[in-house]
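> Pasting the sequence and the predicted model now:
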Amino acid sequence: RAEAVAASSMERREGDAYDFNEPLLERLVGVLPPFDSGDVIVAMAFLLPGKHAGVDGDVARILEAARAVSPGLRTHVTRLLAEQTLVLQVLRDRAAQAERALFKIKSTAGGDPGEDGVDEAPWPKD
């Protein structure tokens, strides 16, 4: 069971209007208790690898630096969202829902509707 949960950001702009981005990950893990020792899980809210996520991304660099200054810190990183089966299913369902709505709009606007008045998707249905 988690002792504590905190949201953090990777970057922010200067100024009070951007305080909602605090704390930055680099100002949290390895710095603030209880995220400075023991097991800390970083739940990645990134769809795909890139500047922040991935083997050589900012997150890996920040966690490496945090472990260097906090010897009792053990960091664990979750998989990216695109690697999570449930997330992919939700994205697929939402895309199919949007496509059905688009085909309904197109067919009522004089498109070429299918038998039921809705154009067929270009890929097979489940």
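That came through, no problem.
> ok, and for the lengthiest helix in the chain, which residues are buried?
As assigned by DSSP state H, the longest helix anywhere in the chain is helix 85-108. Residues of helix 85-108 classed as buried by neighbour count (16 or more other Cβ atoms under 10 Å): 103, 107. Bear in mind the C-beta positions are built from the backbone N, C-alpha and C, glycine included.
> Can I get that helix in CSV? Just the C-alpha atoms.
Provided in CSV are the C-alpha atoms of helix 85-108 (Å, rounded to 0.1, in the frame of the first residue of the first chain):
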residue,chain,number,x,y,z
THR,A,85,-3.7,-3.0,-23.1
LEU,A,86,-6.7,-1.3,-21.4
VAL,A,87,-5.6,2.1,-22.5
LEU,A,88,-5.3,0.9,-26.1
GLN,A,89,-8.7,-0.6,-25.9
VAL,A,90,-10.2,2.7,-24.6
LEU,A,91,-8.5,4.6,-27.4
ARG,A,92,-9.7,2.2,-30.0
ASP,A,93,-13.3,2.4,-28.7
ARG,A,94,-13.2,6.2,-28.6
ALA,A,95,-11.8,6.3,-32.2
ALA,A,96,-14.6,3.9,-33.4
GLN,A,97,-17.2,6.0,-31.6
ALA,A,98,-15.9,9.2,-33.2
GLU,A,99,-15.8,7.5,-36.6
ARG,A,100,-19.4,6.4,-36.3
ALA,A,101,-20.5,9.9,-35.4
LEU,A,102,-18.5,11.3,-38.4
PHE,A,103,-20.1,8.8,-40.8
LYS,A,104,-23.6,9.7,-39.5
ILE,A,105,-22.9,13.4,-40.1
LYS,A,106,-21.5,12.6,-43.5
SER,A,107,-24.4,10.5,-44.6
THR,A,108,-27.0,13.1,-43.5
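> in this protein, which helix or strand is least confident?
helix 85-108 (a mean of 88; mean pLDDT, DSSP states H and E).
> just checking, what packs against it?
Applying 3 or more Cβ pairs under 8 Å, 6 or more residues apart in numbering; DSSP states H and E, we find helix 85-108 packed against no helix or strand.
> what does stretch 40-53 contact?
2, 10, 25, 29, 55, 57-59, 63, 73-82 (Cβ atoms under 8 Å, 6 or more residues apart in numbering).
> Fine by me, thanks again.
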